[in-house]
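1. Sequence isn't available, so here's the structure alone:
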């Protein structure tokens, strides 16, 4: 399943809400190696349709499904013609390319071979006890999103790779995309008051069952700490928030801590004083990708990166001389519930 290896690894966003009234529906279920929960105002139960939608998205982008679109592309030589009659793969690819360019390649979904080298991918769960910089450099030769392009001819979508060894992994963006597609479905059915969450990535619209704006909690980034210990509350309006952090998915080898965020430039796991980041953006897919990008960049560069973007804000939590500290972009203040 998508993000099975990252389940619980990203910043968990806790929904602060009350017991729903009868006209508010709650649907929940497993997906993408984690679970989803949706609360919305409406008379119809859309769980069957939502489950079917998530299965389609998984079939397009899960590296854990051998016959998924992305798995077939990864196994292909030079090119692969997309088979599913939808735009899922193309939409995620284009968004990933946008963030890749904006971040000057800090966001790169071709890190899949590196994830497996470090024991963080679906093909290899063994801790990397003896990392070899030469082996890492060899892999870096084909970790390059610029080696892939999509060609569109009428109804045909062909994904071209310029090196047969290139492989994709959309795990850092797929959950957010799933949230967005559910939101599109609900809005197409005239549902305008909702909260959608997949494994910590959230999108809200309108009000909760008490007629108040949805409030989302940002949890304290403690190593394997409790999920309900929050450091801040965010009142998002009609926005999305996604988080990333190394405090729930890591391992120690000979006293050295390795996280799941791989730097596509160095080929090594990126561990810095930045413990976690929560990003607010118009779409959950963008928020998801930007959060991962910040973890690759680190506190200072990530902060500058978010400030360079329009209509995107972020809340950073970091280690300041063994003390938990935080910093947020100027525009994030309007989301904080005082």
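-> Perfect, thanks for sending it. Remember, it's a predicted structure, so these values are computed and weren't measured experimentally.
2. Flag the helix or strand of this protein with the lowest per-element mean pLDDT.
-> strand 13-16 (a mean of 50; mean pLDDT, DSSP states H and E).
3. Report the contact partners of residue 159.
-> 73, 79, 80, 81, 82, 89, 93, 148, 149, 150 (C-beta atoms under 8 Å, 6 or more residues apart in numbering). Using the backbone N, CA and C atoms, a C-beta is placed for each residue, glycine as well.
4. hang on, I meant residue 81
-> So residue 81 contacts 156, 157, 158, 159 (C-beta under 8 Å, 6+ apart).
5. Read off the pLDDT value for the first one.
-> What that stands for is residue 156. pLDDT recorded at residue 156 is 82.
6. Tell me what the closest residue in space to it that isn't next to it in sequence is bridged to.
-> Computed as C-beta to C-beta, 6 or more residues apart in numbering, the closest residue to residue 156 that is not its neighbour in sequence is residue 81, at 6.3 Å. Taking DSSP bridges, one obtains residue 158 as the residues bridged to residue 81.
7. Residue 160 versus residue 81, what's the distance?
-> Per C-beta to C-beta, to the nearest Å, residue 81 is found 10 Å from residue 160.
8. Then residue 58?
-> From residue 58 to residue 160 the distance is 24 Å (C-beta to C-beta).
9. higher neighbour count, these two?
-> residue 58 (21 against 13; other C-beta atoms under 10 Å).
10. any idea whether that one is helix, strand or coil?
-> Taken by DSSP: H, G, I helix; E, B strand; the rest coil, the conformation at residue 58 corresponds to helix.
11. I figured it hits residue 65, correct?
-> Yes. Using C-beta atoms under 8 Å, residue 58 is in contact with residue 65, at 6.5 Å.
12. what's the helix or strand harbouring residue 286 packed up against?
-> Assessed by DSSP states H and E, residue 286 sits inside helix 284-297. Applying 3 or more C-beta pairs under 8 Å, 6 or more residues apart in numbering; DSSP states H and E, one finds that helix 284-297 contacts helix 88-102, helix 171-188, strand 201-205, strand 240-245, strand 274-281, helix 299-307, strand 313-320.
13. gap between it and the chain center?
-> The gap between the average C-alpha position of helix 284-297 and the chain average comes to 7 Å, counting by C-alpha atoms, centre = their mean, to the nearest Å.
14. What of stretch 293-307?
-> For stretch 293-307, the distance to the chain centre is 16 Å (C-alpha atoms, centre = their mean).
15. Also stretch 230-241?
-> That offset, for stretch 230-241, works out to 16 Å (C-alpha atoms, centre = their mean).
16. buried stuff in that stretch?
-> Neighbour counts over stretch 230-241 (16 or more other C-beta atoms under 10 Å) mark 230, 232, 234, 235, 236, 239, 240, 241 as buried.
17. okay, how far is it across that stretch, tip to tip?
-> 15 Å (C-alpha to C-alpha, to the nearest Å).
18. Nearest spatial neighbour of residue 292, chain-adjacent residues omitted?
-> Nearest to residue 292 is residue 172, by C-beta to C-beta, 6+ apart, at 4.1 Å.
19. for that neighbour, what are its contacts?
-> Residue 172 touches 107, 109, 244, 288, 289, 292, counting by C-beta under 8 Å, 6+ apart.
20. Recalculate using a threshold of 7 Å.
-> By C-beta atoms under 7 Å, 6 or more residues apart in numbering, the contact set of residue 172 is 109, 288, 289, 292.
21. Show the model's pLDDT score for residue 225.
-> 52.
22. Over to residue 121?
-> At residue 121, pLDDT is 79.
23. Can you report how many residues neighbour it?
-> 21.
24. shaky segments in the stretch 151-300 of the chain?
-> Flagging of the stretch 151-300 of the chain using pLDDT under 70 yields the residue ranges 222-228, 247-259.
25. Residues contacting stretch 65-79, please?
-> 58-63, 80, 82-84, 89, 158-161, 164, 167-168, 170.
26. ok, and for it, which residues are buried?
-> Those would be 65, 68, 69, 70, 71, 72, 73, 74, 76, for stretch 65-79 by 16+ other C-beta under 10 Å.
27. just to revisit the earlier point, from residue 72, how far out is the residue nearest to residue 292?
-> With the distance defined as C-beta to C-beta, residue 172 ends up 20 Å from residue 72.
28. How about residue 163?
-> 17 Å.
29. Then residue 120?
-> 22 Å.
30. just residue 170 next, same as before
-> In terms of C-beta to C-beta, residue 170 sits 14 Å off from residue 72.
31. before we move on, back to that, any idea which of the buried residues of stretch 230-241 is the one closest to residue 310?
-> The closest of the buried residues of stretch 230-241 to residue 310 turns out to be residue 239 (C-beta to C-beta; 13.7 Å).
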